[in-house]
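S.K.: Structure of the sequence below:
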Amino acid sequence: MKKIIFVATLMFVCLVFVFSQEKESEAIRLTLNDCLLKALENNFDILLEAYSPEISEFSVRQSKEFLMPQLSFGFENYNQRYPTNWYAQGELINYKSNGYSVGLTQRIMTGGEINLSLSNQISDSTQKLLIVNPTYSGNLSLDFTQPLLKGFGPKISRREIKIAKNERDISIYNLKSTLIQKVYEVEAAYWNLVSAIESLKVNEYSLEHSKERLQKTKEEARIGIKTAIDVLASETEVANWESRIISVRSQVERAENRLREIINLPEDEAGRAKSIIPVDKPVVEKIEIGLEEALKIAVEHRPEMAKYKKMIENSGLDVSYYRNQLLPQLDLHLRVWYPGQSGDKLIYENDDPYYGQIIGSIKRSWTDAFKDVFDFSYDNWYLTLSLNIPLQDLLSRASLAKAKMESEKRQLEMEKEKKSIYNELLSTFKELKNNEKRLETSSLYRQLKEKQLQAEEERVRLGLATIEWLFQYQRELASAKTEEIQAMIDYKISTANLEKLMGVNLKKKNISFRDYNF
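M.R.: As a prediction, this is how the structure comes out:
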């Protein structure tokens, strides 16, 4: 019989060991830094927000495209056949023409535009009285257009580029805000899980202690030292702790699920969610900073403040642009061109193109036309000024008024944000002070309860007190331990919240934007 009991006990121990090893293999041990890294890699809010700066970067590139040169090519093939009623031209004329052109257009920072073009045309006609046929003609032209009032200046021409850059910076600040918030959420979720686990340990210890007390009470009742009422009280206390543990375990599960959701922890191959075992312990570091200094740091480091500055800058660009649009449209246009021509020069009998027959021709190449062009043999130019007055903008000024109101609105929004930061900091500082006091009082209260429980245990051992009072002191000690743990966790979370409000938690955790491609 003893051998059977020994074998059964050994098998039970082995099964418990295997089961515990399996449970341990299903769990994952994570530090706070591990959780932060996983959140940066896997959190959907961060992954989605990280696209915005990259998309905005393409908008910046697109806004710069207007400064890139534009290359153009042209080709024409013209064939015409028509009768005439002029004796000198003949009864029927056939006209053929082929043309090629290439052009380069460049916009400049003053708002103007430069166009350089080169063209060549070959024409052949049956028309009478021609001196050269077929004809090869070329032309080199330079056009320069510059607005002198409306649309003049680098500030106006670069407006879209500057706005696109500011929008890119705003998207970066939005991403930074998301990172700051998620770092705080990870910290809060991590420490809440630590609090729930530590609270579970306190309750499990109390349960084991109550079970030991129950066994001891049963033994004492068997020999007549304790009564059945004492046994019933011990059993009730065990049941009470078992009920509490069920509730606390559900809190652990909720805290674990919250952390798992934020860091987007993947499931294992079997589709099961791994348990999380936090490694770090809550170490309290007192914050030595004043409210005014914290507000100064927040105004300097909070991405929301930087974002509003960029938005105000964009509004200022809009005001300058629409104020410029109220000016008359005064444009300067300069055109310079150099034509050239060659072809087969016709020779008429008796040098009479009216009645003489064509008896020969002097051949010339089409390249001779370009020789005239690039020798600048025939220079031509003209200069014009055109004035256009936009009465609708000049009279209504609606666009400018709207831009000014948008600028004033952004200013008020930034002041509102600054006031909101101040109120949040003030509330957090009060919370920190309260939690700091809780740390001191809860620690002292727990120590006193431990001494009180020890004294009560001695009284129960001497038969000077009933067991019900002992259980009461045990519950109070467990509550004091839980309160001390919670005070420590609340202080850690308040500290994390303060770092978030000041916008420095990324720097504290050594998190930068180097991992993102912008």
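S.K.: Give the buried residues for the helix or strand hosting G343.
M.R.: Secondary structure here is read from DSSP states H and E; on that basis G343 sits in strand 329-348. For strand 329-348, the buried set under the neighbour-count rule, 16 or more other CB atoms under 10 Å, comprises L330, D331, W337, Y338, P339, G340, Q341, S342, G343, D344, L346, Y348. The way it works is simple: take the backbone N, C-alpha and C, and place the C-beta from them, glycine included.
S.K.: and what of stretch 418-430?
M.R.: Neighbour counts using 16+ other CB under 10 Å place K418, I421, Y422, L425, T428, F429 of stretch 418-430 among the buried residues.
S.K.: what pLDDT does G316 get?
M.R.: Reading off the per-residue confidence, G316 sits at a pLDDT of 94.
S.K.: which ones are touching the residue lying closest to it once chain neighbours are set aside?
M.R.: Taking CB to CB, 6 or more residues apart in numbering, and ignoring the residues beside it in sequence, G316 has S407 as its nearest neighbour in space, at 6.2 Å. Contact criterion CB atoms under 8 Å, 6 or more residues apart in numbering gives I312, S315, G316, D318, V319 as the residues in contact with S407.
S.K.: can you list the buried residues of strand 329-348 in TSV and add distance to G290 and pLDDT?
M.R.: Formatted as TSV, the entries for those read as follows, by distance: CB to CB, whole Å; pLDDT from 0 to 100:
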residue	distance to G290	pLDDT
L330	58	94
D331	60	95
W337	74	95
Y338	76	95
P339	80	93
G340	81	91
Q341	86	88
S342	88	88
G343	90	85
D344	95	81
L346	99	76
Y348	105	78
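S.K.: a markdown table for those, including distance to K437?
M.R.: Supplementary listing: those in a markdown table, determined by distance: CB to CB, whole Å:
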| residue | distance to K437 |
| --- | --- |
| L330 | 73 |
| D331 | 74 |
| W337 | 88 |
| Y338 | 90 |
| P339 | 94 |
| G340 | 95 |
| Q341 | 99 |
| S342 | 101 |
| G343 | 103 |
| D344 | 108 |
| L346 | 112 |
| Y348 | 118 |
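S.K.: can you tell me how far the residue sitting nearest the centre point of the chain sits from P303?
M.R.: Computing the C-alpha centroid of the chain and ranking residues by CA atoms, centre = their mean puts L175 first, at 3.2 Å. From L175 over to P303 the distance is 8 Å, taken as CB to CB, to the nearest Å.
S.K.: Residues contacting the helix or strand hosting E293, please?
M.R.: Counting by DSSP H and E, the secondary-structure element that holds E293 is helix 291-301. Outside of helix 291-301, the residues within contact range by CB under 8 Å, 6+ apart are 305, 418, 421-422, 425-426, 429, 498, 501-504, 507.
S.K.: and the following helix or strand past it, how far from the chain's centre?
M.R.: Next in sequence after helix 291-301, counting helices and strands by DSSP H and E, comes helix 303-324. Going by CA atoms, centre = their mean, to the nearest Å, the spacing between the C-alpha centre of helix 303-324 and its chain's C-alpha centre is 20 Å.
S.K.: cool, and stretch 416-426?
M.R.: Mean C-alpha position of stretch 416-426 versus that of the full chain (CA atoms, centre = their mean) differs by 23 Å.
S.K.: and stretch 202-211, C-alpha only, in CSV?
M.R.: What follows is stretch 202-211, C-alpha atoms only, in CSV (Å, rounded to 0.1, in the frame of the first residue of the first chain):
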residue,chain,number,x,y,z
VAL,A,202,-0.8,38.9,-2.1
ASN,A,203,-4.1,37.2,-2.3
GLU,A,204,-2.6,33.8,-3.2
TYR,A,205,-0.2,34.1,-0.2
SER,A,206,-3.2,35.0,2.0
LEU,A,207,-5.0,31.9,0.7
GLU,A,208,-2.1,29.6,1.4
HIS,A,209,-1.8,31.1,4.9
SER,A,210,-5.5,30.6,5.4
LYS,A,211,-5.3,26.9,4.2
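S.K.: mind listing what's buried in that stretch?
M.R.: By 16+ other CB under 10 Å, the buried positions in stretch 202-211 come out as V202, N203, S206, L207, H209, S210.
S.K.: Run a quick neighbour tally on G153.
M.R.: Neighbours of G153 under the rule other CB atoms under 10 Å: 15.
S.K.: how about stretch 231-251: buried residues?
M.R.: V231, A233, S234, E237, V238, W241, R244, I245, V248, Q251.
S.K.: give the contact list for the closest residue to the third one other than its chain neighbours.
M.R.: Once its chain neighbours are removed from consideration, S234 has its nearest residue in L214; the separation is 4.0 Å (CB to CB, 6+ apart). By CB under 8 Å, 6+ apart, the residues touching L214 are V231, S234, E235, E237, V238.
S.K.: let's see 10 Å
M.R.: L214 makes contact with D230, V231, A233, S234, E235, T236, E237, V238 under the criterion CB atoms under 10 Å, 6 or more residues apart in numbering.
S.K.: Also N133?
M.R.: Residues near N133 by CB under 10 Å, 6+ apart: S123, D124, S125, T126, Q127, G343, D344, K345, L346, I358, S361.
S.K.: repeat that for 7 Å
M.R.: Taking CB atoms under 7 Å, 6 or more residues apart in numbering as the contact definition, N133 lies against D124, S125, G343, D344, L346.
S.K.: so the last one touches I358, yeah?
M.R.: So that's L346. Yes. The pair formed by L346 and I358 meets the contact definition of CB atoms under 7 Å, at 5.4 Å.
S.K.: Helix, strand, or coil at V283?
M.R.: Going by DSSP: H, G, I helix; E, B strand; the rest coil, the secondary structure assigned to V283 is coil.
S.K.: Any chance of the backbone angles for G111?
M.R.: Geometry field for G111 lists phi and psi as phi 100, psi 0, criterion degrees, to the nearest 10.
S.K.: measure it to L140 for me?
M.R.: Taking CB to CB as the measure, G111 falls 25 Å from L140.
S.K.: so which strand or helix has the residue nearest to S342 when sequence neighbours are not counted?
M.R.: In space, not counting the residues next to it along the chain, S342 is nearest to D368; the distance is 3.5 Å by CB to CB, 6+ apart. Under DSSP H and E, the secondary-structure element containing D368 is helix 367-374.
S.K.: between the next helix or strand along the chain from that helix and strand 329-348, how many degrees?
M.R.: Following the chain from helix 367-374 toward its C-terminal end, the next helix or strand by DSSP H and E is strand 380-388. Compare the direction of strand 380-388 with that of strand 329-348 by axes from the mean of the first three to the mean of the last three CA atoms, to 10 degrees and you get 150 degrees.
S.K.: looking at this protein, which residue lies furthest from center?
M.R.: Residue farthest from the centre of the chain, counting by CA atoms, centre = their mean, is N350 at 85.6 Å.
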